[in-house]
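Colleague: give me the fold of what follows.
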Amino acid sequence: MCTADLAGVSRSLGRCMGTDDIQRRDAHGDNEPGTSNVQRPTSNVQRPTSNSQLPTPNSQLPTPRVDRACQRGVICATKDGDAGGGRTRESAGQRPCGIEPTARSLMELRMESTGNGLNRRQFTRTLALAGAGLAVSVGGRAQAPARLGVKLGFDNFSVRALGLKAGGLLDYAASQKLDSIYITTLDALENLEERYLREVRAKAAGLGIDILLGTWSICPASRTFNTKWGTAEEHLALGIRTAKALGSPVLRVVLGAREDRKSEGGIEARIADTVRVCRSARSQALDAGVKISIENHAGDMQAWELVTLIEAAGKDYVGATFDSGNSTWTLEDPMASLEVLAPYIASTHIRDSMVWEYEDGAKVQWTAIGEGCIDSPAFFAKLARVCPGMPVHVEIISGFAVDFPYLKPGFWDVWPKARGADFARFLALAKRGKPLAPHRSPDNTAEQEYQKSELERSLKYCKEVIGLGLR
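Modeller: Here you go, the predicted structure:
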C-alpha cells in the first residue's frame, strides 16, 4: 500500500468520525529507549504446509485458532489436543492446563459475582460503572471486582533503575503480593551456575512466586544483537538451559527493533535469519519443555509478521510474548494485535499507551495501565476470553513520546505490506488520545521512585479494577 493510500485512510477516517483536531504539542518524541530514563536498547488464508518453509514476500497468514493456555503461560494443546508436531505438555511429562476456554466477559463475571439477578435498569447502572471496574449489587452498594483467577506479575524492566538481581526481584514481588515475575535479561542473574539457579528457584517456590525467563536478540543480523553470550545459536541454547534450571516454561527472546526494518532485505530477511536460529534449538527446547517465546519488540514486527515467523519455525516449540505497548510502535491497535496473536501467545508484557495526532502523523507515549487511551477493561476481557488463564505480566516504560510521521514522504518505505484496515484502527486510537507531557527524573534516586510509582499504580489498577492476581 502506497503512502498516498494510507494517508488517505487517515484523512477519510477523520472526516467520517467528525473528530475535531486534537491539540498538538511536542512531547520530546526523540527521547527513545536507550537515550534517556529508558535503558533498553486478516483475512481467511492458508496455513503453511511445512515447518521447513521459510517466509517469503508472498507468505500468507494461517487461519487463527485459539489454543488452550496453561496458568503458567505456555500454550499446551490445540483444539484437538495437539500442540503441533504431535507433542503436548502432558505427553512431555508436564501437567496439562486444566483450564477450558470461556466466552464470558469481565462484565459477565462481575455480574455473576453479585449473587443476584439484575433487571434492565440495574444492568445499565452496572455497565456504566464497568469502566471504573466496579460491580454494583441490587442494593446499590459498590463492590470490588470478582477475582478472575489469573496470576499477576511484573517484568523486571519496569524497575530497571533499581538494579535488582533475581533475589531482590523476588523480594519486591513478594512485597507487592504478586504471583509471578518475568526476568527478561540474563544479567539479572548473579551467575548461570546450576547451584545458584537452584537456589533462586527454591526461593521463588518458598515465596509461591513463578519465574519466567527471557533474554535479548537471537537474530545475528539485527542491530540489537550482542555477542556477549556467543553466537545467536549459543545464546539461545544457553537461555533454554537456564530457563529449564529455573523452572521457567518459556524463554522470551526478541528479533530486534524498528531500525531492523531498514536493514538490507528488510524485516523479511531478519525474520528468515531468526527462523534459522530457532530451528537450531528445536530438539533442545522440546526436550527441556521450554517454549521459545518471541516478543513483538520495539517496532520490529507487526502481529501478522510475527505469526509468519512462528509458523515458519514451528509452533510446537515457538510461541509469542505479546507486548501490548509495542503494538502501538508498529501502528497497530493492541486489541487488533491480540486478535491476531492469540493462538500463539505463551506469555505477556502489558502496559497502556497514549496516542495522539500531530502535524506529521501521530505520537505514542506509553503509560501506566488505565492512564492511556486503550480501553483496559475491554482489553483484559478479551485477553481472558482468547487466552484463558494466561498470566498478566505488567511492564511499564513511560515518560517519553515517539514520533510516527506517517504523512511524510518515505515513511512507508519500510512498511511495504502495511494494511489499511489495521492502520485505520490505530488512527482511531490517535483521534481519541491527547498529548502528554514527558517526564525526566533529575537523578537516579528520583527515577527509581518514578518507576516504582508507575508500576505499583498499574498493579493496583489490575487488582482493584480488573480483578487480577491470586493474592
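Colleague: helices and strands around the helix or strand where residue 199 lies, which ones?
Modeller: Using DSSP states H and E, residue 199 sits within helix 194-207. When contacts are defined as 3 or more C-beta pairs under 8 Å, 6 or more residues apart in numbering; DSSP states H and E, helix 194-207 sits against helix 166-175, strand 210-217, helix 232-246. Bear in mind the C-beta positions are built from the backbone N, C-alpha and C, glycine included.
Colleague: including mean pLDDT, distance to residue 392 and mean neighbour count, could the ones you listed go into a markdown table?
Modeller: Converted to a markdown table, the helices and strands packed on helix 194-207 look like this (pLDDT from 0 to 100; distance: least, C-beta to C-beta, whole Å; neighbours: other C-beta atoms under 10 Å):
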| stretch | mean pLDDT | distance to residue 392 | mean neighbour count |
| --- | --- | --- | --- |
| helix 166-175 | 98 | 13 | 18 |
| strand 210-217 | 98 | 12 | 26 |
| helix 232-246 | 98 | 20 | 21 |
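Colleague: which of those sits closest to residue 385?
Modeller: Residue 385 lies closest to strand 210-217 among those, at 22.2 Å (C-beta to C-beta).
Colleague: tell me what the closest one is packed against?
Modeller: Partner elements for strand 210-217 (3+ C-beta pairs under 8 Å, 6+ apart): strand 180-183, helix 194-207, helix 232-246, strand 250-254.
Colleague: partners of the shortest one in the sheet?
Modeller: In other words, strand 180-183. Using DSSP bridges, the strands paired with strand 180-183 in its sheet are strand 152-155 (parallel), strand 210-217 (parallel).
Colleague: about what we covered before: which one of the helices and strands packed on strand 210-217 lies closest to residue 394?
Modeller: strand 180-183 (9.1 Å).
Colleague: mind listing what's buried along that closest one?
Modeller: Residues of strand 180-183 classed as buried: 180-183 (neighbour count, 16 or more other C-beta atoms under 10 Å).
Colleague: repeat for stretch 262-276
Modeller: Neighbour-count burial for stretch 262-276, counted by 16+ other C-beta under 10 Å, picks out 263, 266-268, 270-275.
Colleague: per-residue confidence at residue 145?
Modeller: The score at residue 145 is 77. That number is its pLDDT.
Colleague: burial measure for it, as a count.
Modeller: Other residues lying near residue 145 total 22 when counted by other C-beta atoms under 10 Å.
Colleague: name the nearest residue to it, ignoring sequence neighbours.
Modeller: Among residues not flanking residue 145 along the chain, residue 467 sits closest, at 3.7 Å (C-beta to C-beta, 6 or more residues apart in numbering).
Colleague: how far away is that neighbour from residue 301?
Modeller: 31 Å (C-beta to C-beta, to the nearest Å).
Colleague: start and end of stretch 428-439, how far apart?
Modeller: Stretch 428-439 stretches 25 Å from its first residue to its last (C-alpha to C-alpha, to the nearest Å).
Colleague: just the helices in the protein please.
Modeller: Counting by DSSP state H, the chain has these helices, from start to end: 3-17, 106-113, 120-129, 166-175, 194-207, 232-246, 266-280, 282-288, 303-313, 324-328, 334-341, 376-386, 420-432, 444-461.
Colleague: who wins for proximity to residue 397 among the ones you listed?
Modeller: helix 324-328 (6.9 Å).
Colleague: tell me which other helices or strands the closest one touches.
Modeller: Helix 324-328 sits against helix 334-341, strand 345-349, strand 352-358, strand 361-367, with contacts defined as 3+ C-beta pairs under 8 Å, 6+ apart.
Colleague: what's the third one packed up against?
Modeller: Under the contact definition 3+ C-beta pairs under 8 Å, 6+ apart, strand 352-358 sits against helix 324-328, strand 361-367, helix 420-432.
Colleague: the shortest one too?
Modeller: The contact analysis (3+ C-beta pairs under 8 Å, 6+ apart) places strand 345-349 against strand 250-254, strand 291-295, strand 318-323, helix 324-328, strand 392-394.
Colleague: can you redo those as TSV with mean pLDDT and distance to residue 404?
Modeller: Output for those, formatted as TSV (pLDDT from 0 to 100; distance: least, C-beta to C-beta, whole Å):
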stretch	mean pLDDT	distance to residue 404
strand 250-254	98	20
strand 291-295	98	20
strand 318-323	98	17
helix 324-328	98	9
strand 392-394	98	24
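Colleague: okay, those in a markdown table with mean neighbour count next?
Modeller: Putting the helices and strands packed on strand 345-349 into a markdown table (neighbours: other C-beta atoms under 10 Å) gives the following:
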| stretch | mean neighbour count |
| --- | --- |
| strand 250-254 | 28 |
| strand 291-295 | 28 |
| strand 318-323 | 29 |
| helix 324-328 | 27 |
| strand 392-394 | 27 |
